[in-house]
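In: Here's my sequence, what's the structure:
(one chain, ligands or ions: 1)
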Amino acid sequence: MATAITVRALTVHRGGRPIFDSLTFTVEAGTVTGLLGPSGSGKTTLIRSVVGVQITKSGSVEVLGEPAGSPSLRSRVRYVTQEPSIYSDLTIAENVGYFATLYGCTKPEAERAIAAVHLDTLPRKQLVRDLSGGQRTRVTLACALVGAPEVLVLDEPTVGLDPVLREDLWRMFHRIADDGTSILISSHVMDEARRCDRLLFMRDGRLIADDTPADIRTRTGQDDLEDAFLALASHT
Ligand SMILES: Nc1ncnc2c1ncn2[C@@H]1O[C@H](COP(=O)(O)OP(=O)(O)OP(=O)(O)O)[C@@H](O)[C@H]1O
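Out: Numbers count the residues shown, from 1 in each chain. So this is what the prediction gives:
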């Protein structure tokens with residue numbers, strides 16, 4: 001299987017102290033890879049490194065064979081941060097249309113992104129500020145999906161959403177991955193681990209597992225992935 005992201009011996013310091021020391025892993029193309037770990041374990045810092053906005057001390061990060069953050073990756077890699085990045089005084093179509101213009105995409109491509117997140121049935125004139133929290137998350141995702149990026153990096157996209165909506169979004173992530181987009185998604189909700197094709201478990205800046213959910217269950221003898229995480233954390 002092709003590799004979408006390759007991280008080699010990555011070392012990052014923030015605020016004068018080490019966050020990671022020599023982290024190495026790959027993310028396979030066309031998979032949903034979950035980056036899971038407690039708050040403060042380094043997920044956002046790692047994601048920032050993958051999208052090329054984090055100053056790194058040593059090591060390398062390659063995305064689609066190019067150094068992370070290369071200008072050539074701008075339209076091929078999309079990053080959804082934890083902060084909302086859409087305009088509440090615009091409609092869904094205006095928001096997605098704005099990002100489509102930035103990425104040099106067409107109106108039909110914007111419409112396809114809106115349909116992909118199942119927002120195409122809402123009234124065309126409805127402003128984003130009048131949408132529910134979950135619908136706003138989907139608008140953010142539509143903005144990131146416009147033009148079918150090859151890599152999608154999502155920092156805790158389901159935080160604060162109800163279980164039904166989370167389920168719906170995870171189904172959508174798999175649909176997008178089935179269409180060929182590689183997804184790296186962070187979460188501190190262990191319940192979401194089982195929904196990933198592959199898992200990176202992170203604790204205190206260290207990767208304590210890099211495997212499939214099935215292999216992690218077998219290796220730890222734990223059915224529940226939260227218990228598996230705790231078992232791995234206690235041995236490292
Ligand atoms: N701007 C910063 N300057 C210095 N240290 C920082 C900065 N941002 C984060 N850190 C530290 O880096 C470590 C990793 O933080 P990071 O945000 O990557 O964790 P996280 O796993 O994404 O947490 P959360 O789930 O709460 O978002 C933490 O110890 C944090 O205090």
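
In: Show me what the residue nearest the centre of the chain is bridged to.
Out: Central residue check for the chain by Cα atoms, centre = their mean: the C-alpha nearest the mean position is that of residue 154, 2.3 Å away. Residues found in beta-bridge contact with residue 154 (criterion: DSSP bridges) are residue 80, residue 185.

In: ok, it - contacts?
Out: Under the criterion of Cβ atoms under 8 Å, 6 or more residues apart in numbering, the neighbours of residue 154 are 80, 141, 144, 173, 183, 184, 185, 186. No exception for glycine: its C-beta is placed from N, CA and C like everyone else's.

In: how much space is there between it and the ligand?
Out: Taking Cβ to the nearest ligand atom, to the nearest Å as the measure, residue 154 falls 12 Å from the ligand.

In: elements contacting the helix ranked longest in the chain?
Out: In the chain, with assignment by DSSP state H, the single longest helix is helix 163-178. Packed against helix 163-178, as judged by 3 or more Cβ pairs under 8 Å, 6 or more residues apart in numbering; DSSP states H and E, are the following elements: strand 32-36, helix 107-116, helix 133-145, strand 182-187.

In: so how far is it off the chain centroid?
Out: What separates the centre of helix 163-178 from the centre of its chain is 12 Å, taken as Cα atoms, centre = their mean, to the nearest Å.

In: Show me what counts as buried in it.
Out: Of the residues in helix 163-178, those buried by neighbour count under the rule 16 or more other Cβ atoms under 10 Å are 165, 166, 168, 169, 170, 172, 173, 174, 176, 177.

In: Dump the helices and strands packed on helix 163-178 into JSON lines; add mean pLDDT as well.
Out: Shown next, in JSON lines, are the helices and strands packed on helix 163-178 (pLDDT from 0 to 100):
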{"stretch": "strand 32-36", "mean pLDDT": "97"}
{"stretch": "helix 107-116", "mean pLDDT": "92"}
{"stretch": "helix 133-145", "mean pLDDT": "90"}
{"stretch": "strand 182-187", "mean pLDDT": "95"}
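
In: Need these in a markdown table (columns: distance to residue 201).
Out: Rendered in a markdown table, the data for the helices and strands packed on helix 163-178 read as follows (distance: least, Cβ to Cβ, whole Å):
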| stretch | distance to residue 201 |
| --- | --- |
| strand 32-36 | 6 |
| helix 107-116 | 29 |
| helix 133-145 | 24 |
| strand 182-187 | 11 |
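
In: Look up how far residue 25 lies from residue 179.
Out: Note on residue 179: its distance to residue 25, by Cβ to Cβ, to the nearest Å, is 24 Å.

In: and what of residue 146?
Out: Between residue 146 and residue 25 the distance, using Cβ to Cβ, works out to 28 Å.

In: So which of those two has more stuff around it?
Out: Comparing residue 146 with residue 25 by neighbour count (other Cβ atoms under 10 Å), the higher total belongs to residue 146, at 27 against 16.

In: what sits against residue 131?
Out: Contacts were defined as Cβ under 8 Å, 6+ apart; by that measure residue 131 touches 92, 122, 139.

In: I only care about those residues that end up buried; give me the PyMOL line for that.
Out: Those of these that count as buried under 16+ other Cβ under 10 Å are selected in PyMOL with:
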select buried, resi 92+122+139
